[in-house]
Structure formats: C-alpha cells, structure tokens
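*Asks:* any chance you can model this:
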Amino acid sequence: MALLTLTNAHLAFGHVALLDGADFALETAERVALIGRNGTGKSSMLKILAGLDKPDDGLLQVERGLRRTYVPQEPQFAPGISVFDAVSEGVREAKETREKFENHDGVDHDEMDRLQTRLEALGGWDWERRVDETLHRLDLDPQVLVEKLSGGVRKRVALAQALVAAPDVLLLDEPTNHLDLDAIDWLADLLKTYRGSLILISHDRAFIDATATRIVELDRGQLCSYPGNFTAYEATKQRELESEALANARADKLLAQEEIWIRKGVEARRTRSVARIGRLEVLRATHAARRDQVGQVKLEVATGGQSGKIVAALDEVTMRYGDRTLIDKFTTTVLRGDKIGLIGPNGCGKTTLLKLILGQLQPTSGDIKLGTMMNVAYFDQMRAGLKLDATLADTISPGSEWIEIGNSRKHIMSYLSDFLFAPERANAKVMSLSGGERNRLLLARLFALPANVLVLDEPTNDLDIDTLELLEELLANYSGTVFLVSHDRRFVDNVVTSTLVWEGDVSPGLWREYEGGIEDWQAQRARSRASGGARGAALAPAVAAAPAPAPAPATPAAKPKAKLSYKEQRELDELPKKIEALEAEHKTLETALASTELYTQGKDKIAAAQARFAELDELLLGMMERWEELGRK
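*Replies:* Here you go, the predicted model:
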C-alpha cells in the first residue's frame with residue numbers, strides 16, 4: 001500500500017495550471033526526485049504532499065499515523081534560538097509528551113497508559129541523546145545562536161531538525177543549496193541509507209543520480225514517472241520528446257490538409273462530408289487543447305570587447321586576517337578565455353581570492369599584476385541589489401524599452417521572452433516570481449551588461465535543469481574569462497578548464513591549481529594520496545625498527561638553480577619585443593574588423609584578415625606560455 005496517494009489533483013495560479021489532473025503515489029523506502037521547469041509548481045506540490053497546502057481539487061490520501069517532515073529552501077528559525085533548541089524542535093511532540101507524563105498530577109490511570117504508549121512509539125525517553133548524536137554527526141555546535149550562522153550551516157541545522165524527528169516521509173526542497181561539496185557528499189551518503197521514504201526537489205544532477213531511485217517530472221501540469229536515476233531518465237526523456245514532436249507534426253499536417261479541404265467547399269456525398277467535418281472539429285479541439293513543450297531559454301551575452309591577453313598574474317601572494325591565513329604564497333597566471341572554478345568549503349576564502357585576482361583587495365604580501373581593458377560583471381552583487389518592488393522591465397533596462405546585445409538592439413519584451421517571461425509579465429513585480437524565476441531574471445540582467453570577465457557566484461541555485469544545460473553551453477562558447485563558484489559538480493565539470501582548490505586541511509592557506517574540473521581534481525588528489533599512503537606504509541616499519549637515530553651526515557649544499565642556456569637567455573630577451581609587435585598588429589586588425597571599410601574589399605580580404613587575427617591569437621598565447629616557462633627557470 002502506498003504511503004501517500006495524490007489523485008486527480010488540480011492547482012492553478014491565475015490562468016496558469018500548475019497541476020492539471022495529476023496523479024502521484026509514494027511507496028515505502030522509495031527515494032523520488034521531483035524535477036521540472038522553474039515556475040511549474042514543484043514546491044507547491046511538495047507542500048501539498050507535506051500537508052501544508054491543499055490543491056484546488058483532487059484527493060490526497062495519507063496512511064494512518066504517517067509522520068511527514070518538510071524542509072523548505074530557505075529555513076526560518078525563531079530569533080535568539082540556539083542550535084540545540086532549534087534541532088530539538090524536531091522532537092517537540094516527544095518532549096511535550098514526556099513532560100506531561102513526568103508531571104502527572106491530576107492525570108488518571110488511562111491517560112497515563114496512553115502517554116506511556118505514545119512515548120515509547122516516539123522514542124521520547126531519550127530524545128536528548130538523539131539530538132546530541134545528530135548534532136555530532138552534522139558537526140554542529142549546540143550552543144551557537146542560529147542567527148549567527150552562514151546560510152550553509154543553517155541548512156544543516158534544518159536538516160538536523162528533520163532527521164532527529166525520524167519521519168516516515170522526508171520532503172526536501174533544494175537541499176543542496178548553500179552546501180559545499182563535502183556537505184553534499186555527506187548528505188547523499190546519508191539519504192542513500194535513510195530507512196524512510198524521501199521526496200526531494202533538486203537541480204543538482206550528480207546529487208539526484210546518487211540518491212534517487214525514481215524520477216518524477218512535472219511537465220505542463222502532468223506528472224510522468226521514470227524508474228531509475230537521472231542518467232536513465234535523460235535517455236528515456238529524449239526518446240519521448242522525439243516521438244511527441246513527430247506525432248504533433250503529423251497531426252498538424254493532417255489539420256492543415258483538412259482546413260484546405262473545408263475552404264474549397266463540400267464536394268463529396270453529404271454523409272461522407274458530415275463525417276469529415278466532424279473529424280476536422282475534433283482535430284481543431286485537440287490542437288487547441290494541446291499543451292506544447294515549454295520553449296527553451298535563449299541565452300546570449302553582450303561582450304565588452306577583448307581584455308588584454310593576461311587578466312592577472314599572482315606571484316607568491318599571501319593574505320592574512322589577524323592570525324588567520326586565508327591564502328599562503330599562491331602563484332598563478334590567468335589568461336584571457338580561461339574558465340576557472342574555485343573549489344573549497346564555505347568560509348575558506350574563495351571570495352577573498354577572487355577579489356585579489358580582480359584587484360579589489362591588496363595582499364598582505366606578494367605581487368599582483370592586473371591586465372588591461374577588463375569589463376567585469378558580477379552575479380553575486382546583482383543578487384544583493386535585486387529590488388522586489390521593481391518591475392521585470394525596469395530590472396533589465398531601467399528607463400528604456402531597448403537593450404543593447406553586442407552590435408544589435410532588442411526590445412525589452414523580446415529579450416524577456418528569450419528568458420521565458422511572457423510579455424504580459426514585463427510589468428509584474430519581482431516579488432511575484434519564484435526563486436528559480438528570480439535567478440533567471442538575474443541571468444538576463446547579467447548577460448545584458450557588456451563584459452569580458454564574468455564572475456558567477458552560485459549561479460545554479462534554483463535554476464531548472466534545462467536552463468542549466470543552456471547556461472553551460474553559453475559559458476563553454478564564451479570568448480571572455482569566467483570565474484565560477486559553484487558546488488554543482490556536473491555544471492563545473494562541463495564549464496571550467498581549470499580549478500583553484502583550497503587544501504587548507506593540508507597546510508593553512510594552501511591553494512593549488514588543477515587542470516580540468518572537479519572530477520579531474522578528485523582523481524588527481526586520490527592518486528596523490530594513494531601514492532603518499534603507500535610510501536608512508538613502506539617507510540613505517542623501517543622507522544619503527546631503528547633503535548636510535550644515526551648521527552646526521554653533513555647537510556649537502558643546496559643544488560644551484562639551473563641557469564638558462566645562451567640560446568634560451570637570448571630567446572627570453574627577445575620575447576617582449578616580439579609580443580609587443582604582435583599585440584600591435586593584433587590591435588590594428590581588431591580595429592579593421594570592427595570597421596565597415598574592410599567589408600567593402602571583397603570576401604577574400606575579409607577571410608584573410610579573420611584568419612590572420614585567429615593566427616595572432618594562437619601566436620600570442622604560445623609566446624606568453626613560453627615567456628612564463630623561461631621565467632621560471
């Protein structure tokens with residue numbers, strides 16, 4: 001028997017039907033991931049299943065005595081409450097029942113028996129131990145006030161509150177938001193071994209893959225179920241969309257043929273014509289009632305011209321705040337077009353490192369050389385400045401109906417449509433948008449700014465999976481420089497070319513650069529630790545067997561640093577002049593390609609100029625890398 005059953009559910013906001021005769025059932029020990037576009041009603045449906053809201057029509061059947069716990073996207077706590085008290089709210093019934101049992105004055109014998117039975121069912125005799133164990137598992141300080149915690153730690157407090165209740169059904173809305181990679185891995189492992197049933201909403205495809213046993217998609221008011229994880233769903237969904245498009249195309253072709261026939265007049269026998277007219281009316285009604293697949297977001301970014309070849313060069317950079325070292329002797333060079341992911345736990349100094357790279361902070365020690373002609377756009381700053389009482393149109397283009405994207409102009413209505421906002425919503429208030437729609441609006445604002453350096457701080461929060469995939473494609477083809485802070489490992493792996501990783505657990509303030517994304521970094525780290533562990537195991541017996549340390553031999557002189565050969569030194573001396581000459585030619589060609597004069601000289605001249613421009617890019621990159629290589633010797 002199903003724990004939860006939702007039958008023929010209807011829910012609408014205005015003219016938009018979020019649930020249109022939807023059916024859903026949750027079985028024992030099932031882990032269901034609820035996915036779908038932003039604004040389709042996933043959170044509303046989760047609240048209905050949690051018993052917090054009711055559908056406009058339909059029936060929700062719940063197994064008798066079933067305990068449900070719901071964790072929202074942004075958990076709220078009472079002001080001034082400690083972590084221990086907040087987590088204890090998850091066992092409030094057990095606390096109150098035990099208090100009534102212990103303070104039994106005036107309570108009759110039958111009531112005492114009922115209280116004792118309920119206490120044993122709730123495990124209320126040792127609720128303090130359960131709270132303490134949960135706090136320890138989540139590494140939470142019970143005495144700290146919740147209001148002083150970061151967003152990620154608050155989310156862990158909310159999860160602890162839910163887990164200590166040991167519900168039969170756990171309902172999680174975007175549980176990975178604000179969590180770092182280690183916390184996401186920990187949560188995935190916890191949910192895989194959770195004995196109860198689970199319904200979660202998430203955009204993190206790797207997290208869904210690791211936890212879900214069934215995918216349920218909310219699409220155009222209907223619920224479609226897919227057994228297996230997200231990878232299996234992707235393959236099945238692609239086949240379904242292809243079949244649906246083919247069937248719709250056939251129906252549209254038949255409807256068009258029948259519309260032509262009816263306009264020519266009824267030429268056949270009356271009985272046959274009446275039947276054909278009836279079929280036409282059915283085709284028209286079916287076409288009108290059809291809810292087509294929601295359109296794709298159209299993403300394009302306004303570029304602010306090319307920056308210099310080198311965006312930033314850091315040499316032995318250290319950053320300290322009091323006694324704490326956030327960054328220790330870090331060296332790297334960021335070139336134009338690099339796409340860099342910053343990986344590390346919350347509070348490790350990712351934002352500080354970003355500000356150093358962009359010249360917004362001065363280091364405690366070390367040198368930073370910044371590039372030229374940089375136009376930087378920040379995702380995090382705009383999120384903080386979002387005005388809830390402003391309209392969508394004013395948020396995108398205040399005081400104007402037009403917006404500049406590259407060398408073209410777009411009307412604000414058309415631009416909002418590219419991000420799946422209907423024209424009639426252009427004058428709606430920002431406060432009326434869902435969390436995912438607000439993030440989509442922020443992306444629309446970001447990509448309207450002319451920039452050649454994008455700084456994206458957790459851009460994936462609340463975005464639907466389709467938009468994430470399109471954003472990945474846009475960033476992968478973006479010619480500028482990207483700095484990405486995200487804990488969505490598949491998104492990072494599909495976008496970045498290298499990662500800057502905090503390894504402060506090895507040494508305070510240690511940052512290292514790795515080629516590739518999170519998966520590549522984890523593979524390299526695993527190989528390194530395995531190699532180090534093997535060497536340590538081999539050396540351990542020898543160290544234990546040594547009776548006493550032998551007299552230390554004289555310390556050999558340090559090996560002198562290898563000098564450049566005459567040829568290499570000459571190459572190093574000549575490289576700056578060659579780079580300067582190539583950059584001058586590059587600048588001249590860039591100006592010519594941007595003007596109209598070149599395009600009057602024939603396609604051969606245009607093709608030659610474009611080819612030379614691309615060749616100069618490659619030559620400059622090679623020379624920069626060679627200059628850096630020789631400078632390190």
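*Asks:* can you give me the neighbour number for residue 194?
*Replies:* 16 (other CB atoms under 10 Å). To be clear about C-beta, it is placed using only N, CA and C from the backbone, and glycine gets the same treatment.
*Asks:* I figured it was touching residue 172, is that so?
*Replies:* No. Between residue 194 and residue 172 there is no contact, the gap being 10.6 Å when judged by CB atoms under 8 Å.
*Asks:* which ones are touching residue 9?
*Replies:* 19, 21, 22, 23, 24, 45, 48, 55, 57, 58, 59, 60 (CB atoms under 8 Å, 6 or more residues apart in numbering).
*Asks:* narrow those residues to those in helices?
*Replies:* Per DSSP state H, helices hold the following members of these: 45, 48.
*Asks:* in the stretch 251-400 of the chain, which spans are helices?
*Replies:* 270-289, 350-357, 379-384, 392-396 (DSSP state H, counting those that start in this stretch).
*Asks:* next, the buried residues of the second one.
*Replies:* Yep, that's helix 350-357 we're talking about. Neighbour counts over helix 350-357 (16 or more other CB atoms under 10 Å) mark 350, 351, 352, 353, 354, 356, 357 as buried.
*Asks:* how about the shortest one?
*Replies:* For helix 392-396, the neighbour count (16+ other CB under 10 Å) marks 392, 393, 394, 395, 396 as buried.
*Asks:* element containing the residue nearest the centre of the chain?
*Replies:* In the chain, the centroid-proximal residue (CA atoms, centre = their mean) is residue 460; its distance is 2.7 Å. Following DSSP states H and E, one finds residue 460 outside all helices and strands.
*Asks:* same check, this time on residue 247
*Replies:* helix 230-264.
*Asks:* try residue 52
*Replies:* Per DSSP H and E, there is no helix or strand for residue 52.
*Asks:* my read: it touches residue 72, true?
*Replies:* No. Residue 52 lies out of contact with residue 72 (CB under 8 Å); the separation is 9.3 Å.
*Asks:* those two: which is more packed in?
*Replies:* Neighbours were counted for residue 52 and for residue 72 using other CB under 10 Å; residue 72 has more, 16 against 13.
*Asks:* low-confidence regions, the stretch 251-400 of the chain specifically.
*Replies:* The model of the stretch 251-400 of the chain has pLDDT under 70 over residues 258-259, 261-277, 279-280, 283-307, 380-385.
*Asks:* elements contacting the helix holding residue 247?
*Replies:* helix 205-211, strand 214-219, strand 222-227, helix 270-289 (3 or more CB pairs under 8 Å, 6 or more residues apart in numbering; DSSP states H and E).
*Asks:* coming back round to it: got the contact list for the residue nearest to the centre of the chain?
*Replies:* Residue 460 makes contact with 203, 204, 468, 471, 486, 488, 491, according to CB under 8 Å, 6+ apart.
*Asks:* what's the closest non-adjacent residue to it?
*Replies:* Counting by CB to CB, 6 or more residues apart in numbering, residue 488 is the residue found nearest to residue 460 once chain neighbours are left out, at 4.5 Å.
*Asks:* ok so, going back, what's the angle from the helix holding residue 247 to strand 222-227?
*Replies:* Interaxial angle, helix 230-264 versus strand 222-227 (axes from the mean of the first three to the mean of the last three CA atoms, to 10 degrees): 140 degrees.
*Asks:* how far off centre is helix 230-264?
*Replies:* 32 Å (CA atoms, centre = their mean, to the nearest Å).
*Asks:* repeat for stretch 2-19
*Replies:* For stretch 2-19, the distance to the chain centre is 27 Å (CA atoms, centre = their mean).
*Asks:* likewise stretch 122-137?
*Replies:* Distance, centroid of stretch 122-137 to centroid of chain: 33 Å (CA atoms, centre = their mean).
*Asks:* just the buried residues of it, please?
*Replies:* Buried residues in stretch 122-137 (16+ other CB under 10 Å): 122, 124, 127, 130, 131, 134, 135.
*Asks:* per-residue confidence, the second one, what does it come out as?
*Replies:* Predicted confidence (pLDDT) for residue 124: 70.
*Asks:* and the residue nearest to it when sequence neighbours are not counted, how far is that from residue 169?
*Replies:* Spatial nearest neighbour of residue 124, excluding adjacent residues (CB to CB, 6+ apart): residue 94 at 3.4 Å. Computed as CB to CB, to the nearest Å, the residue 94 to residue 169 distance reads 18 Å.
*Asks:* which residues sit in contact with residue 524?
*Replies:* Contacts of residue 524 by CB under 8 Å, 6+ apart are residue 514.
*Asks:* secondary structure element for it?
*Replies:* helix 518-545.
*Asks:* let me see the mean pLDDT of the following helix or strand past that helix.
*Replies:* Per DSSP H and E, the first helix or strand lying C-terminal to helix 518-545 is helix 566-594. Averaging pLDDT along helix 566-594 gives 78.
*Asks:* got it, and stretch 127-144?
*Replies:* 85.
*Asks:* where do the strands sit along the stretch 351-500 of the chain?
*Replies:* 365-370, 376-378, 402-405, 408-411, 453-457, 481-485, 498-502 (DSSP state E, counting those that start in this stretch).
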